[in-house]
Each structure stands twice: as C-alpha cells, then as structure tokens.
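Asks: need coordinates for the below:
(2 chains)
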There are 2 protein chains.
Amino acid sequence: MNYRLDIQYDGTRYEGWQRQKTTGNTIQGKIEEVLSRMLEIPVRIDGAGRTDAGVHAKGQVANVHMETDKSPEEICAYLNRYLPEDIGIERVSRVDEQFHSRLLAKKKIYQYRIAAGHHKNVFERKYQYPLHEEFDVDAMKRAAQLLTGTHDFKSFCSNKKMKKSTVRTIYGIDVESLPGELRITYTGNGFLYNMVRILTGTLVEVGRGDRKPEEMTDILLACHRESAGFTAPAQGLTLLQVEY
Amino acid sequence: MNYRLDIQYDGTRYEGWQRQKTTGNTIQGKIEEVLSRMLEIPVRIDGAGRTDAGVHAKGQVANVHMETDKSPEEICAYLNRYLPEDIGIERVSRVDEQFHSRLLAKKKIYQYRIAAGHHKNVFERKYQYPLHEEFDVDAMKRAAQLLTGTHDFKSFCSNKKMKKSTVRTIYGIDVESLPGELRITYTGNGFLYNMVRILTGTLVEVGRGDRKPEEMTDILLACHRESAGFTAPAQGLTLLQVEY
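Replies: I've put the predicted structure just below:
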C-alpha cells in the first residue's frame, strides 16, 4: 500500500528535511524512525521538497509504501503521538500505487516572510526574517514580474556543481505589504537549491534601492551565482503547499 | 508627562508580569530596565494585568510618568531595540496625567486556547494547552452561561488569604470550537488570582462529562477553592485586550 502524509513542521531545531548519515536530526529521519518503530521494520519515505536546515513547512507532502493493518487515522494518531511537538502530521491517506510525492509534484508554493517597519511581532518572530526596514514595494513588484516565467535560474542556485537543467518555471511571485510584514509568495514548478532564498535576497536589495528592477534580466542572463543578491536566512521561509 | 505603553509578549520564558525582588526575569522588570537606562534614572511602570508566569499578552497596557525630549515614536523604537525579542511594544502614546492603566481599566479580555481533537498545531503549540481530547462543547456553553454575571468568585481564586472583595462581573464567556482548537474568551471587569485558569479547568471538566453544567451554581455558592476544578496551565492563556 502507498500512503500520502501531509506534514507541518517548525524547522528551527532541525538540520532540514533530508535524512543524513551523520545526524539523525532531520524531519525525514524523525518520521522514518517512528514509522519503523510502528512496523518493526525499516521504513523509508519520500518528501516533495527537500527543505534546508531551519526552513518550516505547512504543507510538506511525503509518501511511503508499507503494509499495515492500521487505518490511515490510526497511523496519523500514532505518528503525532511519538513525533516531537514541532513536527505534526495533518493527514494520512491511502493513494494510488503510482503516487510519488516528489516526482509527480506539478506546483510548489513557498512563502518568505520579512518583519518590516517598526512593528515587532513577538508571536511570529521565529518564522520571519527580522529586517525592520522600509522597502520600495513597487520596485520589488516590478523586479518580481521580470523573474516570473520560464528561465534558466542558474544565477539563483547555490549548488555550483549542479549538472542537471537549471531551467524552471515560476508561475508567480506575489509581493504583499502587510502591517509590519513583507510577504513574498513564490509559485513554481520546482525550485533549485537555495533558489527561493536567493530570489528573496535579490528582491530585498531591490526594495532597499541597492539594485534596479531592470537588473533582473541581466542577472538571469549571467547564469552566475555572484550576479544575484544575498541568500536570505532560512527562518523566514515556509513550504506552504505542493500540488499534483 | 504620562505615557501609555501597549505591550505584547510571549510569556514562556518569564516569571510573569510583576517585578520581583528575587528575580529580574519579569516583563515589568525588563521594560523598567530599558526605560531606566534610556532616562538614566530609575523608572517604575504600572501594568493593567498582573499576568502569571508563562502567561502571554497581545494587549497588555502599562503607563509611566517620565520626562524626556524623545517623541513617543522614538521611545517605542528605543524599547523595541533593547527589549528581548519576546517582548514587543506596539505603541507608545502621551495620555492624560490622570490615566492609570490598572485602576481605570473597565474591561479585560482574556483568551484561553486548548489544542483539541487530533490536530497537532506545531506553530501555535506554545500558546495552547495540548489536551487533544473531544469535548462536549454544548455542555461547556451552558456552564459558561451560569458563570456569567456578577458573582462572588471566591471558589475560583487561588489566593486563600484574599482579604478584599472577591465579587467580580463577567460580561461574557465565549466557548468556540475551531478546527483542532477550543477557544474560550473571557470578558470581565476584573479577574482574581488564577481565576481565568480555574474557570477554564472547571469548564474542561464539564466538557469531559466529569461535571454537570448545573454544578456551576453550587460551586459559586460554596465560596471555596476546593469546590471548583483544576487550574489550567499558564501556557494556554493570553491577555488579549484592556478597555478604558
């Protein structure tokens, strides 16, 4: 049987999604540990987005092939009981044998939250990048428009050894100015390593007036990491949704 | 000059609002420390609600008499800069010399949040009491109705040596069942020591079927702490608003 898991986590304490050999402190590792204990055999799961250390998720999706007499609701309750309090399973559901959380993902939505202006949001502080500046939101919107579409995003990828295609399609970048918060929502068919964080760092530089929106076209054409802006920190980033 | 401070805090790390002789780890103490440093003389502030250790606030109000050339916006920015990240000043405003945050408060609103059902809300976990049970919400609403009004709330007060009047007026207790959360909002002219937490513990016992709603009348008449339910933990409680 193939099961889909819908997962939320506060990534603050973790070394990211992906299981590693040297540290067990990953979200994937924690979930596999509990499932393996439940079934008394080693279990491996696949996640849709390999979020970095410190990145959060409200709509991570994983799938797992396993045999059990337990109902999806029972599996969900078991996981929530034994997982740490900062990892939560929203839902477990039986899915088609062919379903693969990562390979079949059509669209991913990431959100980057920046604490802007003078407002100090004590309750959301762990999920925002605390800049507390004023930004030129219109300039950021114009830059975002130029980054939208199908492009080679090599300039926005931290992995210099990336051998596979660096072409991705961004369906939309929504820059919203809320009271005390700047929120940037990225919808795309997939994102390269650190891509959302570098896009955000570059847009912040535009918002500060350190770059012009028109530079985005040149940055894309350069196909070179150094031409883009800084990598915004992980804590402001949340994987919101994966669509199939 | 008299200034009003509108304050938010995540109470998790603190010994409560009120300054203490033995520990500097209180919200009041932290704010007084920063103001005293700013003015280079000792400053004392008055808070509307003396929240317990671990209780949060979204709408705490304090006032302070002081002389300074700084504008209210500058005082606010200074405070937010030097206060820890879990204490935030929403607003500083000049007020009438007679304004007193505690003595003139007409209405206070407290909210108690319980994680109910199987939903595990990883992002709100520090602000909810994690019970994960199913409750009889209708019974809780009937009990809440009986507790509303002007009563002697001695049964709902932890301070056994309380010499002053234990009569208070509760204008409303709103019990809401949201997805994965039970939210109880208390509006009253004032609350005794631990009163909201004991009211909540008692309502939880009603929701579990361990008590009948009709018992509320007897509990009030008993005027005895032992007749009421348990004291719900601090982490689920937030001071939402103070009205003048």
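Asks: for chain A, give the strand that spans the most residues.
Replies: If you go by DSSP state E, chain A has its longest strand at strand A:167-178.
Asks: pLDDT of that strand, averaged?
Replies: Averaged over strand A:167-178, pLDDT sits at 97.
Asks: partners of that strand in the sheet?
Replies: Strand pairing for strand A:167-178, using DSSP bridges, gives strand A:149-152 (antiparallel), strand A:181-188 (antiparallel).
Asks: would you turn these into TSV with mean neighbour count and mean pLDDT?
Replies: C-beta: built from backbone N, CA, C; applies to glycine. Formatted as TSV, those follow (neighbours: other C-beta atoms under 10 Å in any protein chain shown; pLDDT from 0 to 100):
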stretch	mean neighbour count	mean pLDDT
strand A:149-152	15	97
strand A:181-188	21	97
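Asks: the ones you listed into TSV, with extra columns for distance to residue A:47?
Replies: Putting these into TSV (distance: least, C-beta to C-beta, whole Å) gives the following:
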stretch	distance to residue A:47
strand A:149-152	25
strand A:181-188	17
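Asks: closest to residue A:117 out of those?
Replies: strand A:181-188 (8.3 Å; C-beta to C-beta).
Asks: what comes into contact with the closest one?
Replies: By C-beta atoms under 8 Å, 6 or more residues apart in numbering or on different chains, the surrounding residues in contact with strand A:181-188 are A:107-116, A:119, A:121, A:124, A:128, A:135, A:137, A:140, A:144, A:168-177, A:196, A:199-200, A:203, A:207, A:240.
Asks: so where do the helices sit in chain A?
Replies: Per DSSP state H, chain A carries helices over the ranges A:27-39, A:72-82, A:137-147, A:195-207, A:215-222.
Asks: most tightly surrounded among those helices?
Replies: Ranked by mean neighbour count, the helices of chain A are led by helix A:195-207 with a mean of 25 (mean count of other C-beta atoms under 10 Å in any protein chain shown).
Asks: tell me the helices and strands packed up against that helix.
Replies: Applying 3 or more C-beta pairs under 8 Å, 6 or more residues apart in numbering or on different chains; DSSP states H and E, we find helix A:195-207 packed against strand A:107-115, helix A:137-147, strand A:167-178, strand A:181-188, helix A:215-222, strand A:237-243.
Asks: 10 Å instead?
Replies: strand A:107-115, strand A:129-130, helix A:137-147, strand A:167-178, strand A:181-188, helix A:215-222, strand A:237-243 (3 or more C-beta pairs under 10 Å, 6 or more residues apart in numbering or on different chains; DSSP states H and E).
Asks: what mean pLDDT does it have?
Replies: According to the model, helix A:195-207 has a mean pLDDT of 98.
Asks: distance from it to the middle of the chain?
Replies: Helix A:195-207 sits 15 Å away from the centroid of its parent chain (C-alpha atoms, centre = their mean, to the nearest Å).
Asks: that helix to strand A:181-188, inter-axis angle?
Replies: Interaxial angle of helix A:195-207 relative to strand A:181-188 (axes from the mean of the first three to the mean of the last three C-alpha atoms, to 10 degrees): 130 degrees.
Asks: just the angle between helix A:195-207 and helix A:215-222, please?
Replies: 140 degrees.
Asks: need the residues of chain A near chain B, please.
Replies: Within chain A, the positions near chain B by C-beta under 10 Å from any C-beta of the partner chain are A:7-11, A:56-58, A:73, A:76-77, A:79-81, A:83-91, A:118-127, A:130, A:132, A:180, A:238.
Asks: which of the residues you listed are buried? Put it as a ChimeraX command.
Replies: Command for ChimeraX that selects the buried part of the residues of chain A next to chain B, burial taken from 16 or more other C-beta atoms under 10 Å in any protein chain shown:
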select /A:7,8,9,10,11,56,57,58,76,77,79,80,83,86,87,88,89,90,118,119,120,121,122,123,126,127,132,180,238
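Asks: on that earlier part again, which one of the helices of chain A lies nearest to residue B:232?
Replies: Residue B:232 sits nearest to helix A:72-82 of all those, at 21.6 Å, using C-beta to C-beta.
Asks: residue ranges with poor pLDDT in chain A?
Replies: Counting by pLDDT under 70, chain A contains no low-confidence range.
Asks: domain map for it?
Replies: Domains of chain A are assigned by automatic domain parsing as A:2-95, A:107-243.
Asks: how distant is the longest one from the center of its chain?
Replies: It refers to domain A:107-243. Offset of domain A:107-243 from its chain centre (C-alpha atoms, centre = their mean): 12 Å.
Asks: and stretch A:12-20, by the same measure?
Replies: On C-alpha atoms, centre = their mean, the centre of stretch A:12-20 falls 12 Å from the chain's centre.
Asks: list the buried residues in it.
Replies: In stretch A:12-20, counting by 16+ other C-beta under 10 Å, buried: A:14, A:15, A:16, A:17, A:19.
Asks: isn't the last one right next to residue A:36, touching?
Replies: No - the pair residue A:19 and residue A:36 does not pass the contact test of C-beta atoms under 10 Å, sitting 11.7 Å apart.
Asks: what do those two both touch?
Replies: Common neighbours of residue A:19 and residue A:36, using C-beta atoms under 10 Å, 6 or more residues apart in numbering or on different chains, are residue A:44.
Asks: so what's the residue lying closest to residue A:89 once chain neighbours are set aside up against?
Replies: Nearest residue to residue A:89, sequence neighbours excluded (C-beta to C-beta, 6 or more residues apart in numbering or on different chains): residue A:79, at 4.5 Å. Going by C-beta under 10 Å, 6+ apart, residue A:79 touches A:5, A:7, A:30, A:31, A:34, A:35, A:38, A:87, A:88, A:89, A:92, B:120.
Asks: what residue in chain A is the furthest from its centre?
Replies: Distance from the C-alpha centroid of chain A, by C-alpha atoms, centre = their mean, peaks at residue A:69 (32.9 Å).
Asks: quick one on the thing from earlier: so which of the domains of chain A is nearest residue B:100?
Replies: domain A:107-243 (25.0 Å).
Asks: any idea how far residue B:240 is from residue A:42?
Replies: Taking C-beta to C-beta, to the nearest Å as the measure, residue A:42 falls 48 Å from residue B:240.
Asks: ok, now residue A:88?
Replies: Noted for residue A:88: a distance of 25 Å to residue B:240, by C-beta to C-beta.
Asks: which strand residues bridge the nearest residue to residue A:90 once chain neighbours are set aside?
Replies: Among residues not flanking residue A:90 along the chain, residue A:6 sits closest, at 4.2 Å (C-beta to C-beta, 6+ apart). With DSSP bridges as the criterion, residue A:6 is bridged to residue A:61, residue A:91.
Asks: give the contact list for residue A:6.
Replies: Contact analysis of residue A:6 by C-beta under 10 Å, 6+ apart lists A:57-62, A:76, A:88-93, A:101, A:241-242.
Asks: farthest pair in those residues?
Replies: Distance extremes for the contacts of residue A:6: the farthest pair is A:76 and A:241 at 19.1 Å, using C-beta to C-beta.
Asks: which ones are touching the residue lying closest to residue A:12 once chain neighbours are set aside?
Replies: With C-beta to C-beta, 6+ apart as the criterion, residue A:12 has its nearest non-adjacent residue at 5.7 Å, and that residue is residue A:126. Residues in contact with residue A:126 (C-beta under 10 Å, 6+ apart) are A:10, A:11, A:12, A:54, A:56, A:235, A:236, B:10, B:85, B:86, B:123, B:126.
Asks: I'd say the first one and residue A:60 touch.
Replies: No - taking contacts as C-beta under 10 Å, residue A:10 lies outside contact range of residue A:60: 11.9 Å.
Asks: find residues that contact each of those two.
Replies: Common contact partners of residue A:10 and residue A:60 (C-beta under 10 Å, 6+ apart): A:87, A:238.
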